[in-house]
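Student: Give me the fold of what follows.
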Amino acid sequence: MSTISLTYLYILIGVALLFDFLNGLHDAANSIATIVSTRVLKPQYAVAWAAFFNFIAFMVFGLSVAQTVGSGIVDPKIVDSSVIFGALMGAIIWNVLTWVLGIPSSSSHALIGGLLGAGIAKAGTSAVIWAGFTKTTFAIFLSPTVGFILALTLMWLLSWLFVRSTPAAVDNFFRSMQFVSASLYSLGHGGNDAQKTMGIIAVLLYSQGMLEGGFHVPFWVVLSCQAAMGIGTLAGGWRIVHTMGSKITRLTPMQGCAAETGGAIMLFAATHYGIPVSTTHTITGAIVGVGAAKRASAVRWNVAKDIVIAWFLTMPAAALIGAGFYLLTKALT
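Tutor: A predicted model of the protein is given here:
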């Protein structure tokens, strides 16, 4: 490998880590919106709490999600530096746009959309591994639905268990329990989301012949991605915190705990089975679920509708941007 191509490789790895940082920044709200909106923790402490559990997630989970993203969405044989650059730019531009607008879209599906767009621009639809694509697309609908059902069920169960308790006693108990539920959700966030960037960097290294013994994720890539996401979470994301924590529905500590726990169960299961789901979709579904458990009118359905529209736009929009940057790169080289 020439010095120029090696330098370009380092730049691409840096861009991938920038995406991971932006993922943490953009998705910080997923982990901390409920614990901030219920005033259990001040924002600056909440992000530090979430960042810590984002970072240590690699100690808990395997790397099955990284394997899916790196080798199960687009054929690794067609991947080159231009495809990776297109994928990353598609994801980064869409993330920045939705962050500025305060829309909780999915960083995960932006990255996958960018990868699909750049891959198809290079090799057509034959580049797509349809089994992995179908599994990931199905998860767009599955994760918020399961998050909704789990949180709704937990809310009903908790309301029944604490029906004889005073509101003050319930609030005090669940203010403490939210430390546990927020930790679990942040752990699930770090476990699922950071692995997507690991997969991108690993397939880039694989395409350049820099991985010995077949496709795998080097440990330095694992640490770099977990750290980048943790630092991004520390940087915050307060526009989206406001949307997630108060615009959809007003949350009590019990509701916040139920939403985080339901979302965490979904993320743990998806990460175990190697499914790259959206933490944004999952926690949004869970928040709507706890609001609906109280009464349907407690949910601001117009806000939820705008979020759902953003979900449907994310993959095709990022794919178009990714394809555009791939074609631009090839035209200039």
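
Student: And the lowest mean pLDDT element among the helices and strands of the chain?
Tutor: Across the helices and strands of the chain, mean confidence by mean pLDDT, DSSP states H and E is lowest for helix 238-242: a mean of 53.

Student: How far does the strand or helix carrying F138 sit from its chain's centre?
Tutor: Secondary structure assignment for F138, by DSSP states H and E: helix 130-161. Counting by Cα atoms, centre = their mean, to the nearest Å, helix 130-161 is centred 15 Å from the centre of its parent chain.

Student: Beyond that helix, next helix or strand please.
Tutor: Past helix 130-161, the next helix or strand by DSSP H and E is helix 167-207.

Student: do you know how far T136 is from A270?
Tutor: Using Cβ to Cβ, to the nearest Å, T136 is found at 10 Å from A270. Just so you know, the C-beta spots here come from the backbone N, C-alpha and C atoms, and that holds for glycine as well.

Student: what's the overlap in contacts for the two?
Tutor: P276 (Cβ atoms under 8 Å, 6 or more residues apart in numbering).

Student: Helices along this structure, start to end?
Tutor: For the chain, the helices defined by DSSP state H cover 3-37, 43-55, 64-71, 81-101, 107-123, 130-161, 167-207, 219-235, 238-242, 253-272, 279-294, 301-332.

Student: Show me what the fourth one is packed up against.
Tutor: It stands for helix 81-101. helix 3-37, helix 107-123, helix 167-207, helix 238-242, helix 301-332 (3 or more Cβ pairs under 8 Å, 6 or more residues apart in numbering; DSSP states H and E).

Student: Show me which positions of it end up buried.
Tutor: Neighbour-count burial for helix 81-101, counted by 16 or more other Cβ atoms under 10 Å, picks out 81-95, 98-99.

Student: With stretch 119-137 instead?
Tutor: 119-123, 127-129, 132-133, 135-136.

Student: and if you look at stretch 263-272?
Tutor: For stretch 263-272, the buried set under the neighbour-count rule, 16+ other Cβ under 10 Å, comprises 263-268, 270-271.
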